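Engineer: Here's a sequence, model it:
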Amino acid sequence: MHTNNLTLLPIDGFDTQKILSILDTMNNFVHEELTGLGMEFNVFDFTFEGQLGLYLGMFVNLGLITDSPALQLLFEFTIEISKNYPNNPYHSFSHAIDVSYMCYYMSIDLGLSEQLDFNSSDIAVLLLSAIGHDVLHPGTNNQFQIAMNTPSAIKYNKVSVLENQSADFLKVQLAKYSILQQLKLEANMTEEFESEILAKITDAILKTDMMYHFQILEECLNIIEYHNNQSKSISIPVGPTVLSPSTITPNSATSPNFKNILTLKKFARDTNSYNDSNTSLNQISKVILESNKSKNHMINTILHVADISNPIRPFDNSKRWADLVMKEFVHQGHLEKENNLPISPNMDDSIIEKQSTLQLSFIQFIVRPLCDCLYESFPKTLIFLDLLVSNSNQWGGTVVPIQSRRRGTDDLVKTSKHLQVGGKRPVETPNRRLSYCAGTIEIPESVGNYLNKMKKRHSRQKSSMSSNHSEYGDSAHSIHEDLEEESLTTVLETLSMGNLAVEN
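Structural biologist: Next up, the predicted model:
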């Protein structure tokens with residue numbers, strides 16, 4: 001893509017100097033001249049103009065935007081979105097850019113788009129959902145909206161309040177700036193195609209509600225299980241399909257050669273950064289999906305993983321995000337106290353003293369199982385597991401295993417139904433809601449069933465670990481060795497140590 005011909009016009013608040021700064025970052029990204037990308041990416045290293053240029057560069061590099069008028073509309077759309085992110089410590093425009101880049105990185109650099117046969121509209125759904133998934137976020141969670149009976153809580157019937165609000169606002173802005181009509185996708189933008197894309201964007205944003213976390217995990221496991229039953233390996237073509245950014249050229253005005261654009265340019269390169277692993281391009285297999293619905297589930301999974309990816313970043317970056325989210329939690333606790341509401345778990349001032357325990361709980365019970373599931377079919381994501389181990393050590397703990405081979409499914413289900421938390425009597429209920437500082441997670445009755453699926457997968461993964469070390473070496477082994485020592489009981493007890501509440 002020859003980006004030197006793409007221009008932007010100054011608008012209110014963006015003079016020529018700022019426009020040049022945006023274009024400079026965009027061009028450098030497309031020509032791979034930016035440093036500090038991959039897992040080393042830190043959004044706080046970028047100015048606001050730099051963040052804008054980075055986001056625009058993703059679209060340009062993928063051939064989704066190919067002319068200056070379309071770039072101008074995407075630029076103005078992104079500015080509009082940024083203005084409607086309140087100045088929250090955590091749920092900010094910087095978070096939106098961070099999530100957008102992680103979606104790009106996972107899809108392109110780690111190869112998920114190639115393995116899943118994503119087309120241009122799938123990537124567009126990811127990038128647009130990511131930038132708008134928390135727009136209008138007030139810095140307080142859904143439970144607070146419901147407790148305060150806010151207009152949004154009433155409008156959305158107390159269901160995924162903030163996510164519905166963000167999705168609706170995003171769709172209004174997409175229409176205002178005719179964004180979907182500007183993108184070079186695999187088909188002409190008919191009314192039916194537009195409705196399909198908007199429905200995918202809405203679903204992806206709604207699934208960022210932590211209530212759906214275990215549902216996403218279970219769907220991911222089912223997809224991988226289906227793939228494993230259908231085929232063990234389908235090689236991805238190598239050689240002539242590898243293009244440099246400068247050689248990417250759309251086939252026509254409406255249908256770019258997106259399969260070539262999505263070729264994993266960095267897979268075949270030897271680097272010393274987090275972008276590299278010992279898994280080469282010809283060792284990666286296509287993931288066989290049962291239906292387009294399965295592909296949509298994977299789009300939702302990628303966005304969700306990107307949204308909760310702070311624990312799988314290098315520790316300094318991860319710690320900074322953890323500190324920022326703590327500020328929001330404490331602020332909500334103060335608001336609850338001012339409004340005579342019960343203070344939510346882990347939202348009082350004492351949370352600062354429990355930060356390490358809470359982070360370990362989040363890593364062990366929430367992030368780890370999902371990353372572990374991804375690794376089964378997406379080997380480049382091994383770096384996520386490595387960083388989980390490394391960060392757990394930094395927080396002063398170890399990765400608590402998901403389950404033990406010594407316990408069967410029946411024991412796991414029994415454990416999941418009886419749990420004593422914070423001195424309360426054990427509760428028994430088919431489904432539990434786990435309230436923690438970022439939201440409420442629905443824990444399904446089948447929790448033991450899919451954890452048991454993970455147990456079977458670990459026996460295969462352990463055998464492959466010996467021949468597939470990453471740059472962290474034995475850390476990848478240790479995360480699997482731990483699985484033999486503990487059970488789900490330990491995980492739930494760890495959560496209770498952080499005063500996470502289990503609700504009926």
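
Engineer: so who does the nearest residue to residue 332 once chain neighbours are set aside touch?
Structural biologist: The spatially closest residue to residue 332, leaving aside those adjacent along the chain, is residue 140, at 4.7 Å (Cβ to Cβ, 6 or more residues apart in numbering). No exception for glycine: its C-beta is placed from N, CA and C like everyone else's. Contact analysis of residue 140 by Cβ atoms under 8 Å, 6 or more residues apart in numbering lists 328, 331, 332, 335.

Engineer: measure residue 29 to residue 40 for me?
Structural biologist: For residue 29, the distance to residue 40 under the criterion Cβ to Cβ, to the nearest Å works out to 15 Å.

Engineer: If you count surrounding residues, which of those two has more?
Structural biologist: More neighbours surround residue 29 than the other of residue 29 and residue 40, with 24 against 14 (other Cβ atoms under 10 Å).

Engineer: The more buried one - that's part of a helix, no?
Structural biologist: Yes: the assignment for residue 29 is a helix, going by DSSP: H, G, I helix; E, B strand; the rest coil.

Engineer: Report pLDDT for it.
Structural biologist: Residue 29 is assigned a pLDDT of 97 by the prediction.

Engineer: Ok, residue 273 next?
Structural biologist: Predicted confidence (pLDDT) at residue 273: the value is 37.

Engineer: Now residue 320. Nearest residue, chain neighbours left out?
Structural biologist: The spatially closest residue to residue 320, leaving aside those adjacent along the chain, is residue 44, at 7.0 Å (Cβ to Cβ, 6+ apart).

Engineer: The one you found: neighbour count?
Structural biologist: Around residue 44 there are 12 other residues, counting by other Cβ under 10 Å.

Engineer: Got a quick PyMOL command for the buried subset of the contacts of residue 140?
Structural biologist: For anyone working in PyMOL, the buried entries among the contacts of residue 140, judged by 16 or more other Cβ atoms under 10 Å, can be selected with:
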select buried, resi 328+332+335
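
Engineer: Can you list which of the contacts of residue 140 are found in helices?
Structural biologist: Counted as lying in helices by DSSP state H, out of these, are 328, 331, 332, 335.

Engineer: Residue 134 touches residue 85, doesn't it?
Structural biologist: Yes: in this structure residue 134 lies within contact range of residue 85 using Cβ atoms under 8 Å: 7.1 Å.

Engineer: residue ranges for the strands of the chain, please.
Structural biologist: 432-436, 439-443, 501-503 (DSSP state E).

Engineer: related to what we said a few turns ago, mind checking pLDDT for the residue nearest to residue 320?
Structural biologist: Confidence at residue 44, expressed as pLDDT, is 97.

Engineer: how close does it sit to residue 50?
Structural biologist: 10 Å.

Engineer: same thing with residue 340?
Structural biologist: Summarising the geometry, the distance separating residue 340 from residue 50, computed by Cβ to Cβ, is 44 Å.

Engineer: Those two: which is more packed in?
Structural biologist: When neighbours are counted by other Cβ under 10 Å, residue 50 comes out ahead of the other of residue 340 and residue 50, with 20 against 6.

Engineer: so who does the more buried one touch?
Structural biologist: By Cβ under 8 Å, 6+ apart, the contact list for residue 50 reads 21, 22, 25.

Engineer: Make a PyMOL selection of the buried ones in those residues.
Structural biologist: Buried members of those, defined by 16+ other Cβ under 10 Å, are picked up in PyMOL with:
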select buried, resi 21+22+25
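
Engineer: which residues do residue 134 and residue 85 both contact?
Structural biologist: Common neighbours of residue 134 and residue 85 (Cβ under 8 Å, 6+ apart) are 91, 96.

Engineer: These two: which has the busier surroundings?
Structural biologist: residue 134 (25 against 21).

Engineer: how about the more buried one, what does it touch?
Structural biologist: Taking Cβ under 8 Å, 6+ apart as the definition of contact, the neighbours of residue 134 are 85, 91, 95, 96, 162, 166, 208.

Engineer: which stretches of the stretch 351-500 of the chain aren't confidently modelled?
Structural biologist: In the prediction, the stretch 351-500 of the chain carries residues with pLDDT under 70 at positions 398-500.

Engineer: should've said the stretch 101-250 of the chain
Structural biologist: Using pLDDT under 70, the stretch 101-250 of the chain drops low at 231-250.
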